[in-house]
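> need a structure here:
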Amino acid sequence: MTGFCRMMLVVLSLLLLTTEAYAAEFVTLGPRAMGMGGAHVAVSSDATAIHWNPAGLSAQQRTTDLRAHLGVVAKDRSKFADLWNDIDEILAGRAINDPSFYADSADVERLVDILRRLDERNVSMDLNGEAGAVASANIRGFAIAAGVTGIGYANAVPRLDLVNVKALPPFFDSQSIANNKSEIDLTALQTMEYSLSVAHGFIGDTLHVGGTLKLVDAATYFYTISAFNTSDTDIVDEVQRNKRTGQEITGDIGIIWMPLEKLRVGAVGKYLTGPSFSSARGAPIEIAPQFRAGAAFLPWRGATVALDIDLTENETLTPGYRERQVAAGFEQAFGTRGKVLSDLFTVRAGVYKNIAESGSNYVGTAGIGVGLLGARLDIAGAYDFQKEEVGASANIGFQW
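Numbering: from 1, shown residues only. Predicted coordinates:
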């Protein structure tokens, strides 16, 4: 198994098990949101509003909405996966202190160069995934929703030894790369969120206010592996031994204001109590409060143009790396009667960018949705064309 494949297996396993404080970023949940680039705070109008903006529950035009959703986003910052795979290919199953490795000086020099490239800013691999089910209904003027959503965050970050990097056999120099202690830290947070939301419209349904109460059942994982170990087959077992669990209660609150028939403005605050969970790493993993605002314009029948921006910079599992997204999206629904959420066929496109970090890539998104007799299927994908970020999302739902 190549180094890259093993790393992907480990990080995916962390999701499926599904110093300074670390935190979790804003997760794009649902294919409608992903297809529109994550610009969804002002246009949330289905049961997934329980995640995006609970105020959208009372702003939707369906009485009842049931849906199951899943999605994943992978981020390979600064080609970490390629570099990891290069290490595996160079070593070709040999240990770093195997004398036969030093017979080819070109391979040794390449390995030293890879270590230096891994020392560049923000080299890491991140995955986040979500899956769950939500239901909403309108009862006597109040919109009520309940949901269970599993969210996983997993991260691999190199921790490098740049002292022992001389391209010489160990018996020639004590600072030979044979004595290199570079490692890769694996960190993960898996949460199961049990949510209950209530929303209501005011001032002739032009102002909607909603709140969500959440019980967050969490598990954290941590393990460190050698950057040169190509034969560690017990990684997942070791990660599980470093498991820590905890529970916290937190909440979200959101508003949507519709001053004009074709204009919606929204804002949301999530995880307002900043729930924190212990980690074997020695520092807690926190889901810090997240604040986002957005606006949407409905220029013609079935069309929606949306823009979102994070009001705060969100910490991530990568030390020192922060995220603050700006997102824009477009949706065109066909076969509707002017409703925001389509009945028949919908196309979506969008783009987002992390403006908290210089040099981050624009990520393009697209999606489609089909509906018939109250049943819906939506899919979406994301790709940045620099081969550093890719995502996919899907849901099935029933509305009436």
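> now I114: which helix or strand?
Secondary structure assigned from DSSP states H and E places I114 in helix 105-118.
> just checking, what packs against that helix?
helix 80-91 (3 or more Cβ pairs under 8 Å, 6 or more residues apart in numbering; DSSP states H and E). (Glycine included, C-beta is placed from N, CA and C.)
> what angle separates the helix it packs on from helix 105-118?
160 degrees (axes from the mean of the first three to the mean of the last three Cα atoms, to 10 degrees).
> now helix 80-91, how far from the centre of its chain.
Remark: helix 80-91 is offset 25 Å from the chain centroid, using Cα atoms, centre = their mean, to the nearest Å.
> likewise for stretch 33-42?
14 Å.
> got the end-to-end distance for it?
11 Å (Cα to Cα, to the nearest Å).
> for the stretch 251-400 of the chain, just list every one of the strands.
Under the criterion DSSP state E, counting those that start in this stretch, the stretch 251-400 of the chain contains strands at 263-270, 276-277, 285-286, 290-297, 303-310, 314-315, 322-323, 325-334, 345-354, 362-372, 375-383, 389-399.
> want to throw those strands into TSV with mean neighbour count, mean pLDDT and distance to G141?
Formatted as TSV, these follow (neighbours: other Cβ atoms under 10 Å; pLDDT from 0 to 100; distance: least, Cβ to Cβ, whole Å):
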stretch	mean neighbour count	mean pLDDT	distance to G141
strand 263-270	22	96	20
strand 276-277	19	93	37
strand 285-286	23	88	37
strand 290-297	21	96	23
strand 303-310	21	96	25
strand 314-315	22	84	35
strand 322-323	20	90	37
strand 325-334	21	94	26
strand 345-354	21	95	28
strand 362-372	19	94	26
strand 375-383	20	95	25
strand 389-399	20	93	19
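> can you put those strands in CSV and add distance to G56?
Output for the strands of the stretch 251-400 of the chain, formatted as CSV (distance: least, Cβ to Cβ, whole Å):
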stretch, distance to G56
strand 263-270, 7
strand 276-277, 28
strand 285-286, 26
strand 290-297, 11
strand 303-310, 12
strand 314-315, 21
strand 322-323, 23
strand 325-334, 14
strand 345-354, 17
strand 362-372, 17
strand 375-383, 16
strand 389-399, 14
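> closest one to N138 among those?
strand 389-399 (11.8 Å; Cβ to Cβ).
> orientation of the closest one relative to strand 362-372 in degrees?
20 degrees.
> just checking, A280 touches R244?
Yes. Look at A280 against R244 with Cβ atoms under 8 Å: they come within range, at 6.0 Å.
> and the closest residue to K181 other than its chain neighbours, what does it touch?
Spatial nearest neighbour of K181, excluding adjacent residues (Cβ to Cβ, 6 or more residues apart in numbering): D161 at 4.3 Å. Residues near D161 by Cβ atoms under 8 Å, 6 or more residues apart in numbering: L115, N180, K181, S182.
> picking that back up, any shared contact partners between A280 and R244?
By Cβ under 8 Å, 6+ apart, the residues touching both A280 and R244 are T220, Y221.
> where exactly do the helices run in the stretch 101-250 of the chain?
105-118, 235-241 (DSSP state H, counting those that start in this stretch).
> now the first one: buried residues?
Going back to what we said before, that points to helix 105-118. Residues of helix 105-118 classed as buried: D107, V108, R110, L111, V112, I114, L115, L118 (neighbour count, 16 or more other Cβ atoms under 10 Å).
> before we move on, back to that, contacts for the helix holding I114, please.
Looking at what lies outside helix 105-118 - Cβ under 8 Å, 6+ apart - the contacts are 80, 83, 86-87, 90-91, 101-102, 123, 158, 160-162, 165-168, 177, 180, 182, 227.
> please pick the buried ones from these.
By neighbour count, with 16+ other Cβ under 10 Å, these hold 80, 83, 86-87, 90-91, 101-102, 123, 158, 160, 165-167, 177, 180, 182, 227 as buried.
> so A296 touches H40, yeah?
No. A296 lies out of contact with H40 (Cβ under 8 Å); the separation is 9.0 Å.
> name the residues contacting each of these two.
A306.
> does K214 touch Q247 like I think?
No. Assessed by Cβ under 8 Å, K214 is found out of contact with Q247, at 10.7 Å.
> neighbour count: those two, which is higher?
Shown here are K214 and Q247; by other Cβ atoms under 10 Å, K214 has more neighbours (25 against 12).
> look up how far I50 lies from that one.
9 Å (Cβ to Cβ, to the nearest Å).
> what's the answer for S182, then?
43 Å.
> ok, back up a step: out of the contacts of D161, list just those in strands.
Judged by DSSP state E, the contacts of D161 include no members of strands.
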